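Asker: Pasted the sequence and its predicted model underneath.
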Amino acid sequence: MFPGFTPSDFKVFDIPGFKPRMEAIKTRIRPKLEAAGRDLLPDVARIGGAEAFAHVARHARRTVNPPDDTWVAFADDKRGYKKHCHFKVAVSRGAVRFLFEAGPEHADKKRWAASWKRHAPQLVPVLRRAKGLAWFKNEHDETPAAILTDMPADEVARLAEELTRTRDGQLVLGRAVPAEEAARWTPRDYARAARETFHLLAPLYRLT
């Protein structure tokens with residue numbers, strides 16, 4: 001069972017040097033993310049309406065710069081998540097984030113963005129009513145660029161353009177919880193936050 005994150009877990013991201021920080025991530029953070037993945041899989045499958053698989057970040061492409069965050073991602077593909085819309089629980093020095101992402105490696109960005117545009121009249125009002133739901137410019141950002149309730153409806157509707165605007169375009173929505181607050185949470189608090197956020201964003205996860 002996922003035990004939650006402690007204040008010392010967040011300080012792992014202060015460790016200088018690639019090898020020392022990666023070792024701490026592997027020994028301290030990764031087992032907790034694996035447990036979170038196991039605990040949340042039934043909820044993700046139910047919310048997403050299809051079988052889901054948990055993928056814990058390995059940071060295999062990194063060899064020099066230590067990661068500033070790490071995560072467990074959920075998608076309906078056993079082989080990986082990056083080519084699909086996915087949910088994510090990410091931890092970094094200053095926050096825990098519960099996210100929906102359509103990322104740079106999405107297999108069919110244009111089709112997904114077009115589907116968003118078609119369904120925007122139904123999607124946008126729901127997203128804007130959700131307290132604390134935010135838009136992040138980048139999947140690694142701890143601080144959101146804007147809270148959806150503060151954005152005009154037409155600006156929210158245009159967010160899908162972020163996915164196709166550049167080759168590395170992405171759409172990231174979700175919630176960030178400051179590390180100081182998250183460190184006081186119980187495992188039940190984490191599970192509730194993940195379920196609530198993923199449920200709100202489930203129409204995007206299922207969007208085709």
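Answerer: The structure has been received and is ready for your questions. Residues are numbered from 1 along each chain as shown.
Asker: so where's the longest helix in the protein?
Answerer: helix 109-129 (DSSP state H).
Asker: need the next SSE after that one, C-terminal direction.
Answerer: strand 134-136 (DSSP states H and E).
Asker: ok, Arg62 - contacts?
Answerer: Applying CB atoms under 8 Å, 6 or more residues apart in numbering to Arg62 gives the contacts 18, 22. Just so you know, the C-beta spots here come from the backbone N, C-alpha and C atoms, and that holds for glycine as well.
Asker: From Arg97, how far off is it?
Answerer: 20 Å (CB to CB, to the nearest Å).
Asker: Would you double-check that Ala73 falls in a strand?
Answerer: Yes - the assignment for Ala73 is a strand, going by DSSP: H, G, I helix; E, B strand; the rest coil.
Asker: Provide the partner residues of it in its beta bridges.
Answerer: As for beta bridges, Ala73 partners with His55, Lys88 under DSSP bridges.
Asker: Next, the contact list for it, please.
Answerer: Ala73 sits in contact with 54-57, 81, 86-88, 101, where contact means CB under 8 Å, 6+ apart.
Asker: What helices and strands are in contact with the helix or strand of the chain with the lowest mean pLDDT?
Answerer: Here the helix or strand of the chain ranked lowest by mean pLDDT, DSSP states H and E is helix 161-165, holding a mean of 90. Counting by 3 or more CB pairs under 8 Å, 6 or more residues apart in numbering; DSSP states H and E, the packing neighbours recorded for helix 161-165 are helix 109-129.
Asker: one step back: distance from the chain centre to the longest helix of the chain, please.
Answerer: Relative to its chain's centre, helix 109-129 lies at 18 Å (CA atoms, centre = their mean, to the nearest Å).
Asker: cool, stretch 22-38 as well?
Answerer: 16 Å.
Asker: What residues of the least confident helix or strand of the chain count as buried?
Answerer: 162-164 (16 or more other CB atoms under 10 Å).
Asker: what ranges do the strands span in the chain?
Answerer: Secondary structure of the chain (DSSP state E): strands located at 53-56, 69-75, 86-92, 95-102, 134-136, 146-147, 171-178.
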